[in-house]
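**Q** Quick one, what's the 3D model for this:
(4 chains)
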There are 2 protein chains.
Amino acid sequence: MKTLRLTSNDRAVLFDSRFFARLPRATAEAILDGTIASTHEEHDILFRQDEPVDHVFFVLSGLVRLYRLGKDGREADIAVFPKGEIFGENAMFLEHRATANAQAAEPLIVARLESRKLRQLAAENTDVAQALIELLCHHGKMTEDCLAEDRLLTAPQRVASYILSHCPDGLSSFSFRLPFQKNVLAGKLGLAPEALSRAFSMLRQSGVTVKGRVIEIRDRQALEKF
Amino acid sequence: MKTLRLTSNDRAVLFDSRFFARLPRATAEAILDGTIASTHEEHDILFRQDEPVDHVFFVLSGLVRLYRLGKDGREADIAVFPKGEIFGENAMFLEHRATANAQAAEPLIVARLESRKLRQLAAENTDVAQALIELLCHHGKMTEDCLAEDRLLTAPQRVASYILSHCPDGLSSFSFRLPFQKNVLAGKLGLAPEALSRAFSMLRQSGVTVKGRVIEIRDRQALEKF
DNA sequence: CATGCGGATTGACCCTAATCAAATAATTTT
DNA sequence: AAAATTATTTGATTAGGGTCAATCCGCATG
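**A** The predicted structure follows:
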């Protein structure tokens, strides 16, 4: 891990993000004051479950995987955060202890916001508090979605749902590139890689073609009723 | 459904709850101003997924089940709220749309806080915002726990974990009464009732005795390593 | 172009939990 | 207390995925 100063491009990315965009520029600046960035290799651990964390993280580039460990060492993914997303914010209000492990799923650069300062600002400034509230809501809903999908959908259905979530409304046929390795996608969907693979091949019969990272959909309808 | 005025006992319960306890009395009063209570029979629906909700709910007595519906009509429980807990708060920040269905799992009385007013108060008052933040964090962590357990633990392990969560530290043997029907517990743990039953009988060999709603543990150690 | 590596796929097998059906409790009603 | 419901348990069967092993593919490397 190397630490860096924020570049002006980094700042632009930050200010554009959902979290900062809603804040007055001065407030955003105040939060970022003292913030540094750090780079990590794939597989590096940013923090571990139950250990103290002193930052809230913003993904400047790369990908982070949040997961919990089972007694037997198995890993359960809680969430995956691409560029532009914030994570680790809940530790701020839980004695600064992480609720999960965070690992770079690709070469990674994150901005590290000082969590004590941010917490303090949230306690003084309703704009900041508001932004945090919406962030927490958003994350909460994501986990809820995840839990519901796990409990309601089979593997092919979860994959279909994931694909559809990338399909702009109205199009019946389109294609896109997976934003990360199938490996990671499998984890995010709560599947073993093999199961993801099989799910894809199951979906072939509904007009889904997979070539490397590129997914092509011929028939949206078919996918929806899967 | 009948609507009632809050009794003074209701107010006491409210003020004692985690959410209100941290607020200055005047602030709490302000939130409660205009709040009414409503009673519901078992199985009544309080609100449905994706429909508008204008309240945040506080359970005064009884039990609420939050769940999502699958396309096939199957239900996936997201959470269960006993007396003293708040739910429905995330809709406030998601266009006032519920993310799940809420159903009375027993005869129920809830206090209905006006969500627009509460949201407004949160926007003006950092104490209120703070209380909401902690509530959201807490709920977020619960769903996260749930997701992780689903993905990491087998049915008997989830049941063991549930039992242990009711066992005061240090005791090696104790007993308690399930706070709701096995039915509901099964849903909460993401299991079919049959699976819960089988899990219990599996745990018998680790010193767990089940008599009606009463669970007795003979050997905490054994449970922990299950 | 051959080589090697890691990710992805496929096959075989197994285990967990869902489902369906039936038998037993437990509760509530009468 | 008998009858009628409503929970819960148990048994049998099955579907869905996990795991392990082998193979394949894509891509970087020499």
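**Q** quick one, what contacts the residue nearest to A:Phe226 when sequence neighbours are not counted?
**A** Spatial nearest neighbour of A:Phe226, excluding adjacent residues (CB to CB, 6 or more residues apart in numbering or on different chains): A:Ala160 at 4.5 Å. In this view, the C-beta of every residue, glycine as well, is placed from N, C-alpha and C. A:Ala160 makes contact with A:203, A:206, A:208, A:223-224, A:226, according to CB atoms under 8 Å, 6 or more residues apart in numbering or on different chains.
**Q** Could you tell me which of those residues are located in strands?
**A** Mapping those onto strands (DSSP state E) picks out A:Val208.
**Q** where along chain A do the helices fall?
**A** A:8-16, A:18-21, A:25-32, A:115-124, A:126-152, A:155-164, A:182-188, A:193-203, A:220-224 (DSSP state H).
**Q** Tell me the buried residues within the contacts of A:Ala160.
**A** The neighbour count (16 or more other CB atoms under 10 Å in any protein chain shown) marks A:203, A:206, A:208, A:223, A:226 as buried among the contacts of A:Ala160.
**Q** out of those, who's nearest B:Ile45?
**A** Closest to B:Ile45 out of those is A:Phe226 (28.3 Å), distances taken as CB to CB.
**Q** Would you agree the closest one is in contact with A:Ser206?
**A** Yes. Counting by CB atoms under 8 Å, A:Phe226 does reach A:Ser206; the two are 5.8 Å apart.
**Q** Can you tell me which residue is spatially central in chain A?
**A** A:Phe81 (1.9 Å; CA atoms, centre = their mean).
**Q** so how far is B:Pro107 from that residue?
**A** According to CB to CB, to the nearest Å, A:Phe81 and B:Pro107 sit 43 Å apart.
**Q** Equivalent analysis for A:Ser161, please.
**A** Distance, A:Ser161 to B:Pro107, by CB to CB: 36 Å.
**Q** what do you get for A:Glu51?
**A** As judged by CB to CB, A:Glu51 and B:Pro107 stand 44 Å apart.
**Q** re the thing from before, turn the helices of chain A into a markdown table, including mean pLDDT.
**A** Output for the helices of chain A, formatted as a markdown table (pLDDT from 0 to 100):
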| stretch | mean pLDDT |
| --- | --- |
| helix A:8-16 | 95 |
| helix A:18-21 | 97 |
| helix A:25-32 | 96 |
| helix A:115-124 | 96 |
| helix A:126-152 | 97 |
| helix A:155-164 | 96 |
| helix A:182-188 | 96 |
| helix A:193-203 | 96 |
| helix A:220-224 | 88 |
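**Q** ok, A:Ser161 and B:Pro107, which is more surrounded?
**A** A:Ser161 (17 against 14; other CB atoms under 10 Å in any protein chain shown).
**Q** Would you mind listing what in chain A touches DNA strand D?
**A** Counting by CB under 7 Å from any atom of the strand, the residues of chain A close to DNA strand D are A:74, A:153-158, A:190-192, A:194-195, A:199, A:211-212.
**Q** From these, list just the buried residues.
**A** A:153, A:155-158, A:190-191, A:195, A:199.
**Q** Which pair of these spans the longest distance?
**A** Pairwise distances across those peak at 13.3 Å for A:Pro156 and A:Gly190 (criterion: CB to CB).
**Q** Would you map out the domains in chain A?
**A** A:2-143, A:155-224 (automatic domain parsing).
**Q** any residue of the longest one up close to chain B?
**A** Yes. Contact of domain A:2-143 with chain B (CB under 8 Å from any CB of the partner chain) involves A:68, A:70, A:74, A:76-78, A:90, A:93-94, A:99-100, A:122-126, A:129-130, A:132-134, A:136-137, A:139-141, A:143.
**Q** is it true that A:Ser173 touches A:Ala222?
**A** No. A:Ser173 lies out of contact with A:Ala222 (CB under 8 Å); the separation is 10.6 Å.
**Q** which neighbours do the two share?
**A** Common contacts of A:Ser173 and A:Ala222 (CB under 8 Å, 6+ apart): A:Gly207.
**Q** And these two? Which one has more around it.
**A** Between A:Ser173 and A:Ala222, A:Ala222 has the larger neighbour count (other CB under 10 Å), namely 16 against 11.
**Q** How about the more buried one: what's its closest non-neighbour residue?
**A** Excluding the flanking residues, the one nearest A:Ala222 by CB to CB, 6+ apart is A:Ser206, at 4.0 Å.
**Q** That neighbour and DNA strand C: what is the separation?
**A** 15 Å (CB to the nearest atom of the strand, to the nearest Å).
**Q** which ones are touching that residue?
**A** A:160, A:219, A:222-223, A:226.
**Q** that older thread, residues contacting the residue nearest to the centre of chain A?
**A** A:59, A:63-64, A:66, A:87.
**Q** Closest one to DNA strand C out of those residues, please.
**A** Ranked by distance to DNA strand C (CB to the nearest atom of the strand), these are led by A:Leu63 at 12.9 Å.
**Q** isn't that closest one right up against A:Leu108?
**A** Yes. Using CB under 8 Å, A:Leu63 is in contact with A:Leu108, at 6.7 Å.
**Q** Give the burial count for the nearest residue to A:Ser175 once chain neighbours are set aside, as a bare number.
**A** Distances taken as CB to CB, 6+ apart place A:Glu216 nearest to A:Ser175, at 3.9 Å, with adjacent residues excluded. Counted with other CB under 10 Å, the neighbours of A:Glu216 add up to 14.
**Q** Same question for the one 3 residues further on.
**A** Applying other CB under 10 Å, we find 12 residues neighbouring A:Asp219.
**Q** Double-check it against A:Gly207; I have them as touching.
**A** Yes. Taking contacts as CB under 8 Å, A:Asp219 lies within contact range of A:Gly207: 4.0 Å.
**Q** Need the residues touching each of these two.
**A** Common neighbours of A:Asp219 and A:Gly207 (CB under 8 Å, 6+ apart) are A:Ser173.
**Q** Which one's more surrounded, A:Leu63 and A:Leu108?
**A** Each of A:Leu63 and A:Leu108 has its neighbours counted (other CB under 10 Å); A:Leu108 has more, 26 against 21.
**Q** Mind listing the residues bridging to that one?
**A** A:His40 (DSSP bridges).
**Q** List the contacts of it.
**A** Contact analysis of A:Leu108 by CB under 8 Å, 6+ apart lists A:39-42, A:44, A:59, A:61-64.
**Q** run the last query once more with 10 Å
**A** Counting by CB atoms under 10 Å, 6 or more residues apart in numbering or on different chains, A:Leu108 touches A:1, A:38-44, A:46, A:57, A:59-64, A:81, A:83, A:102.
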